[in-house]
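1. based on what follows, work out the 3D shape:
(one chain, ligands or ions: 1)
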Amino acid sequence: MTVLVTGGAGFIGSHTCLALLQAGQDVVVLDNLSTSSDESLRRVQALAGKPLVFVQGDIRDTHTLQQIFASHRISAVVHFAGLKAVGESVEMPLHYYSNNVAGTIALVPGDAAGRRVHPGIQFLLHRVWRPAARAYC
Ligand SMILES: NC(=O)c1ccc[n+]([C@@H]2O[C@H](COP(=O)([O-])OP(=O)(O)OC[C@H]3O[C@@H](n4cnc5c(N)ncnc54)[C@H](O)[C@@H]3O)[C@@H](O)[C@H]2O)c1
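-> Next comes the predicted model:
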């Protein structure tokens, strides 16, 4: 199974990548490195003894997303790409809204048709992500 981990270079994402690799899964990371470094991914791969695919890009970049889904048979998406500094979010609410809310919407479009997406993803989007998104609102 190939898992797309957004924000995979970050704190929680990198630990998730390591656990996935150690569990025998293939991992594709999409991260713009806005609050992290690809050094974490180098260490993850060294610890796991297994490579992952790293795409440096923004979750709001639909062209990048389309390329990832066209190039890899993604079976699951774990979404950690987000900004989380409380003070900064008060100072720059629109920046946070764009990154976290618009970013999640860009990642979960209704037009998954045309992408090489496992049918189960559609089920997960409807049964898991939508209720989760409501919980965060
Ligand atoms: N750290 C915690 O204790 C904790 C607890 C609960 C929930 N969370 C949530 O989990 C998520 C990840 O937290 P973390 O601690 O790993 O944060 P982190 O800052 O270490 O990692 C976030 C990663 O997302 C990337 N990123 C941010 N915006 C992006 C974008 N638009 N496109 C691509 N990549 C982007 C960053 O470069 C970074 O690598 C956040 O949404 C956070 O609110 C964290």
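2. excluding its backbone neighbours, what's nearest the closest residue to the ligand within the chain?
-> Of all residues in the chain, residue 10 sits closest to the ligand, at 1.9 Å by Cβ to the nearest ligand atom. To be clear about C-beta, it is placed using only N, CA and C from the backbone, and glycine gets the same treatment. Counting by Cβ to Cβ, 6 or more residues apart in numbering, residue 36 is the residue found nearest to residue 10 once chain neighbours are left out, at 4.7 Å.
3. okay, now the one you found: neighbour count?
-> Residue 36 has 18 neighbours, counted by other Cβ atoms under 10 Å.
4. tell me the residues on this protein that lie near the ligand, please.
-> Residues of the chain lying near the ligand by Cβ under 6 Å from any ligand atom: 6-7, 9-13, 30-36, 58-60, 80-84, 99, 103.
5. out of these, name the ones that lie in helices.
-> 11, 12, 13, 103 (DSSP state H).
6. and the second one, what does it touch?
-> Think residue 12. Residue 12 sits next to residue 80 when contact means Cβ atoms under 8 Å, 6 or more residues apart in numbering.
7. ok, now which ones touch the residue nearest to residue 10?
-> The contact partners of residue 36, by Cβ under 8 Å, 6+ apart, come to 7, 9, 10, 11, 14.
8. and it, how far is that from residue 25?
-> Taking Cβ to Cβ, to the nearest Å as the measure, residue 36 and residue 25 are separated by 21 Å.
9. hmm, which helix or strand of this protein has the shakiest average pLDDT?
-> Ranking every helix and strand in the chain by mean pLDDT, DSSP states H and E puts helix 130-136 at the bottom, with a mean of 36.
10. mind pulling up the pLDDT for the most far-flung residue of the chain relative to its centre?
-> Distance to the chain centre peaks in the chain at residue 91, reaching 25.1 Å (criterion: Cα atoms, centre = their mean). At residue 91, the pLDDT value in this model is 97.
11. break down the chain into its strands, ranges please.
-> 2-6, 26-31, 53-56, 74-79 (DSSP state E).
12. out of those, which is the most enclosed?
-> Stretch with highest mean neighbour count among these: strand 26-31 (a mean of 24; mean count of other Cβ atoms under 10 Å).
13. good, wrapping up.
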